[in-house]
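Trainee: only the shape, not the letters, is given here:
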């Protein structure tokens, strides 16, 4: 049986759009890693998706089963209900966050990932921790520029 990496993710935006951030908690056996970053101007959905992307990109080997837990229906349903495949087949017409979805696909197809939806603010310890990381990054920075979002505004 392959070893598992457990990942919890969350995204936040203050104002939506507004300042934003993501939070990630990764667990592999006794190893635990937290990731977060803040952005100057973005949306909640972008931060939810970016959290999953950053977590997957930080995995250096593809010989693990990866369980991702997110409270984002946007992210989980895009995979579990095959929306992403349909968006891609239709040439990304009228799809938001195409830059991130393409980045997501590039890493997702190289890994053995299962996305699981969890209810937010329901007392799930690691999901709550991700919320703290994401919100703190949104409030406190330092803030990066979400170039993909800025490009969408042009």
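Mentor: Arrived safely, thanks for sending. This one's a predicted model, so the numbers in the text were calculated from it and none came from an experiment.

Trainee: please count neighbours and contacts with C-alpha atoms only from this point.
Mentor: Noted.

Trainee: secondary structure class for residue 86?
Mentor: Three-state call for residue 86 (DSSP: H, G, I helix; E, B strand; the rest coil): helix.

Trainee: just give the number of residues close to it.
Mentor: Neighbour count for residue 86, taken as other CA atoms under 10 Å: 12.

Trainee: use 54 as the first number from now on
Mentor: Will do, 54 is the new start, and the previous item becomes residue 139.

Trainee: and it, what's its pLDDT?
Mentor: Residue 139 is assigned a predicted lDDT (pLDDT) of 96.

Trainee: from residue 97, how far out is it?
Mentor: Separation of residue 139 from residue 97 (CA to CA, to the nearest Å) stands at 23 Å.

Trainee: cool, residue 180 as well?
Mentor: Using CA to CA, we find residue 180 at a distance of 16 Å from residue 97.

Trainee: so between these two, which is more surrounded?
Mentor: Taking other CA under 10 Å, residue 180 and residue 97 do not tie; residue 180 has more neighbours (25 against 22).

Trainee: can I assume that one is in contact with residue 59?
Mentor: No: the criterion here is CA atoms under 8 Å, and residue 180 misses it with residue 59 at 11.6 Å.

Trainee: show residues contacting the helix or strand hosting residue 183.
Mentor: Element membership for residue 183 (DSSP states H and E) is helix 178-193. Residues outside helix 178-193 that contact it (CA atoms under 8 Å, 6 or more residues apart in numbering): 61-67, 72-78, 88-93, 122-124, 173-174, 196.

Trainee: what residues are shared contacts of residue 180 and residue 59?
Mentor: Residues touching both residue 180 and residue 59 by CA under 8 Å, 6+ apart: residue 122.

Trainee: so where's the protein shaky on pLDDT?
Mentor: Along the chain, segments meeting pLDDT under 70 span 54.

Trainee: doesn't residue 146 fall inside a helix?
Mentor: No: applying three-state DSSP, one finds residue 146 to be coil, outside a helix.

Trainee: list the contacts for it?
Mentor: Contacts of residue 146 (CA under 8 Å, 6+ apart): residue 140.

Trainee: would residue 115 count as being in a helix?
Mentor: No: applying three-state DSSP, one finds residue 115 to be coil, outside a helix.

Trainee: which parts of the protein are helices?
Mentor: Remark: helices assigned in the chain by DSSP state H are 97-110, 126-133, 136-142, 151-161, 178-193, 200-206.
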